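1. Would you be able to build a 3D model of this:
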Amino acid sequence: MKISLKNYRTIRIIVVIIMSFIFSQSLVLQNYIIPIFTIIVWSLILLFFRSRVKEIIADERDYIIWWKSALLTIQIFSVFAVLVMFVLYALRNINPSYEPIAMTLSVSTCLLMLLYWFIFSVYNRKWSFDIKMILTWIILIFIIIWAIRIFSGEDDWICENWQRVKHWNPDFPKPNTECKGTNITDKK
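-> Residues are numbered from 1 along each chain as shown. So this is what the prediction gives:
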């Protein structure tokens, strides 16, 4: 059974609508297993229908455009994220909550660039499992884990019994704002 490209595109739109509905309902019901299962099932269904298309879905020109647009997107996002990160980090004295946001942008941008480098290396066929490469990856993983621990926001002032209490070792002074919302002791 072969299907046309037009029908395949219609099927893709229907799948997106169904997945959006399932995702939104799962989030409302606070069930996070269903979206994962849904992605797997609908991806397999789309792969099945894609294999049945009798026309050309994409040619070399499309792939070149995809690669160029992906590279440009990563470059623009990285520059923008770094600029925002520097601004938020500079303003951390005004509002201490800017610092974890800046660190999250910093770490996510680094991870994005590392992932891009890794995928580029694989596709460029310059990938070999020599000892230098293995040591490099071990060091990179160690640095990433260390950065996540250092910049995770664990060192902060938390609300306990409606007062600010030091949690670990924050490097900024106690905020002057009141503790609003749910306290940690209220959850126990």
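
2. Identify the residues contacting Asn31.
-> Applying C-beta atoms under 8 Å, 6 or more residues apart in numbering, one finds that Asn31 lies in contact with no residue. In short, each C-beta sits where N, CA and C put it, glycine included.

3. mind checking the SS state of it?
-> coil (DSSP: H, G, I helix; E, B strand; the rest coil).

4. How confident was the prediction at it?
-> Looking at Asn31, its pLDDT reads 85.

5. downstream neighbour of the helix or strand where Trp66 lies in the secondary structure list?
-> In this structure, Trp66 sits in helix 60-90 according to DSSP states H and E. Downstream of helix 60-90, the next assigned helix or strand under DSSP H and E is helix 98-123.

6. Give the buried residues for stretch 160-169.
-> Within stretch 160-169, the residues that count as buried by 16 or more other C-beta atoms under 10 Å are Arg164.

7. Now do it: distance to the chain's middle.
-> Put simply, stretch 160-169 sits 30 Å off its chain's centre (C-alpha atoms, centre = their mean, to the nearest Å).

8. likewise stretch 16-34?
-> Stretch 16-34 has its C-alpha centroid displaced from the chain centroid by 19 Å (C-alpha atoms, centre = their mean).

9. starting at the chain centroid, how far to the helix holding Trp66?
-> Distance, centroid of helix 60-90 to centroid of chain: 14 Å (C-alpha atoms, centre = their mean).

10. same thing with stretch 24-36?
-> 18 Å.

11. can you check stretch 159-175 too?
-> Offset of stretch 159-175 from its chain centre (C-alpha atoms, centre = their mean): 29 Å.

12. Report how far apart the opening and closing residues of it are.
-> 11 Å (C-alpha to C-alpha, to the nearest Å).

13. what residue lies at the spatial centre of this protein?
-> Ser108 (7.1 Å; C-alpha atoms, centre = their mean).

14. you'd agree that residue is up against Val84?
-> No. Between Ser108 and Val84 there is no contact under C-beta atoms under 8 Å: 11.4 Å.

15. Tell me how many other residues crowd Ile45.
-> By other C-beta atoms under 10 Å, 13 other residues sit near Ile45.

16. Might you list the low-confidence residue ranges for the chain?
-> The model of the chain has pLDDT under 70 over residues 122, 125-135, 147-155, 168, 180-188.

17. and this structure, what are its domains?
-> 5-51, 60-150, 156-187 (automatic domain parsing).

18. Now do the last one: distance to the chain's middle.
-> A distance of 28 Å separates the C-alpha centroid of domain 156-187 from that of its chain, computed with C-alpha atoms, centre = their mean.
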